[in-house]
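Asks: task: produce atomic coordinates for the following.
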Amino acid sequence: MLDALKSSLKAGDLRKRILFTLLMFFVFRIGAHIPVPGINAQAMEALVKGGGNILGFFDVISGGAFKRFSIFAMSITPYINASIIMQLLTVVIPKLEKMSKEGEEGRKKITQYVRYATVVLGFIQSLGMAFTLKAYGALTNPGIGSYMLIAITLTAGTAFLMWLGEQITEKGIGNGISLIIFAGIVASLPGALMRIYEALMAGAISAFSVILLVVIAALVIAAIVAVNEGQRRIPVQYAKRVVGRRVYGGQSTHIPLKVNQAGVIPVIFASSILLFPSTIANFFPTSPAAQWVLRVFNWGGAAHTILYALFIIFFTYFYTSITFNPMDVADNMKKYGGFIPGLRPGRPTAEYLDKILTRVTLSGAIFLALIAILPTFVLLTTKIQNVYFGGTGLLIVVGVALETMKQIESHLLMRHYQGFMK
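Replies: The predicted structure follows:
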């Protein structure tokens, strides 16, 4: 891999893309340390420490920006929520569905709608955070002016992160939004390790608990890699065609159906959706209904864990259905003379692909859900508290790292360099 990394740095265009991505990470980390005016830093840090797992997880996703309440405190969460809403609307609204099939121009219009929705959702979420901070005494000068200043600053920070992610996708190594989340989680890792070390030195946890946590983390990472790379290969045979003096087709190939077709998207979507009700409830800190919502959606609680697993399974199927259409694949195979041995082209092939995809996706969805909720029980077993780098973080980090490695691999192969994978 080191040799491949040297080869990637020798490729001029790829080197520029990697350096540009690192530069954007540097900008992101600078912004994570620029505080929002009018915030009591000590009160904010105490709020995060005493706010349960949900605030700790939010701080991990933002790379520590939430604890400092910097301009990037909301991270990219409003953009993810806007993307989820737009994808759901694309399925149910015919006009949006037609627009999504219009090619590049249609996708540009939908992307523009997502940007507008991101600003609106970001403003709503930031106002909710401002009201919450007032209830906990984290505002130095409560008032309408402070609320608007916080809301505008945080919304601008999220819009800037959205632009940053798009620049990484366009000019960097791809997957800009995922890489922003990846950078935030990785930046929180040293702090989590330091808290474990301090607890170990203070005698709050045992060395056995730390070793057990490391072993479980290693096994989880290995399982994530295995499932992400696992696939069901459907054999495809192409009939021979004679065009003039040339013979086309006749070769055998396969359709790779990945076990985890959706990647880390379902985990990110589910996390964002479950954060949204708590954000709305924070508008009404004294309301009994709002308090009930906060209890139900308390990160790591029984109700939250069950909902989290169900949302992951749902979004796995939802995203897979968007990215892989069995009917379109069957029609394309039929058009070019391809068929699955033992099946007639057309609808029987589409039904077979749909049946296999449903079974494969179910195993991948259950695996994602188990990995996401397993660390909740592991941390309870090991008695290691205030460490929020759990299964969700590992899923995102490992998944994005694998996807980024494949992006670099494709660039290397285009330039005739040897890639990461032999």
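
Asks: gap between the residue most central in space within the chain and I177?
Replies: Nearest residue to the geometric centre of the chain (CA atoms, centre = their mean): I268, 3.7 Å. In this view, I268 and I177 are 9 Å apart by CB to CB, to the nearest Å. Quick note: C-beta positions are derived from backbone N, CA and C, even for glycine.

Asks: what residues are shared contacts of the two?
Replies: By CB atoms under 8 Å, 6 or more residues apart in numbering, I268 and I177 have these common neighbours: I80.

Asks: on that earlier part again, contacting residues for the closest residue to the residue nearest to the centre of the chain other than its chain neighbours?
Replies: Distance criterion CB to CB, 6 or more residues apart in numbering; nearest residue to I268, sequence neighbours excluded, is I80 at 5.8 Å. Residues counted as contacts of I80 (CB under 8 Å, 6+ apart) are 177, 268-269, 272.

Asks: make CSV out of the residues you listed and add secondary structure, pLDDT and distance to T169.
Replies: Shown next, in CSV, are these (DSSP: H, G, I helix; E, B strand; the rest coil; pLDDT from 0 to 100; distance: CB to CB, whole Å):
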residue, secondary structure, pLDDT, distance to T169
I177, helix, 85, 8
I268, helix, 76, 15
F269, helix, 79, 18
S272, helix, 73, 19
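
Asks: ok, and the most crowded of these?
Replies: I268 (26 neighbours; other CB atoms under 10 Å).

Asks: other SSEs contacting whichever helix or strand V225 is part of?
Replies: Take DSSP states H and E as the rule and V225 turns out to sit in helix 207-229. Applying 3 or more CB pairs under 8 Å, 6 or more residues apart in numbering; DSSP states H and E, we find helix 207-229 packed against helix 176-201, helix 347-382, helix 391-414.

Asks: could you dump the contacts of I80 to TSV with distance to G64?
Replies: TSV is the format used below for those (distance: CB to CB, whole Å):
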residue	distance to G64
I177	19
I268	19
F269	23
S272	19
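
Asks: could you give the mean pLDDT of the helix holding V225?
Replies: Mean pLDDT, helix 207-229: 82.

Asks: pLDDT weak spots in the stretch 301-422 of the chain?
Replies: In the prediction, the stretch 301-422 of the chain carries residues with pLDDT under 70 at positions 375-377, 379-391, 414-422.

Asks: quick one: P256 is in a helix?
Replies: No - counting by DSSP: H, G, I helix; E, B strand; the rest coil, P256 is located in no helix; its state is strand.

Asks: need the contact list for it.
Replies: When contacts are taken as CB under 8 Å, 6+ apart, P256 is in contact with 231-233.

Asks: which of those residues fall within strands?
Replies: 231-233 (DSSP state E).

Asks: circling back: and the contacts of P256 as JSON lines, adding distance to R347 and neighbour count?
Replies: Written out in JSON lines, the entries for the contacts of P256 read as follows (distance: CB to CB, whole Å; neighbours: other CB atoms under 10 Å):
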{"residue": "Q231", "distance to R347": "24", "neighbour count": "15"}
{"residue": "R232", "distance to R347": "21", "neighbour count": "15"}
{"residue": "R233", "distance to R347": "22", "neighbour count": "10"}
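
Asks: and of those, the nearest to L357?
Replies: Checking the contacts of P256 against L357 with CB to CB, the nearest one is R232 at 8.6 Å.

Asks: hang on, the closest one packs against N260?
Replies: No - with contact defined as CB atoms under 8 Å, R232 does not count as touching N260 (11.6 Å).

Asks: separation between V48 and S188?
Replies: Applying CB to CB, the value for V48 to S188 is 12 Å.

Asks: out of the two, which sits in the more crowded spot?
Replies: In terms of neighbours (other CB under 10 Å), S188 is the more surrounded of V48 and S188; the figures are 24 against 18.

Asks: now the more buried one: closest residue in space that isn't a chain neighbour?
Replies: By the measure of CB to CB, 6+ apart, the closest residue to S188 outside its immediate chain neighbours is V60, 4.6 Å from it.

Asks: next one, pLDDT for the one you found please.
Replies: Looking at V60, its pLDDT stands at 71.

Asks: and for the one 5 residues further on?
Replies: At A65, the model reports a pLDDT of 78.

Asks: give me the number of residues near it?
Replies: By other CB under 10 Å, 29 other residues sit near A65.

Asks: does it touch A73 like I think?
Replies: Yes - assessed by CB under 8 Å, A65 is found in contact with A73 at 5.0 Å.

Asks: roughly how far apart are I110 and M86?
Replies: Using CB to CB, which is the criterion applied here, I110 is 6 Å from M86.

Asks: now do the shared contacts for the two.
Replies: The contact lists of I110 and M86 share L96, where a contact means CB under 8 Å, 6+ apart.

Asks: from the contact counts, what lies against whichever strand or helix holds A130?
Replies: Assessed by DSSP H and E, A130 sits inside helix 104-135. Helix 104-135 sits against helix 77-92, helix 94-100, helix 144-171, helix 265-281, with contacts defined as 3+ CB pairs under 8 Å, 6+ apart.

Asks: next one: the second one to chain centre, how far?
Replies: Yep, that's helix 94-100 we're talking about. Taking CA atoms, centre = their mean, to the nearest Å, the mean C-alpha location of helix 94-100 is offset from the chain mean by 25 Å.
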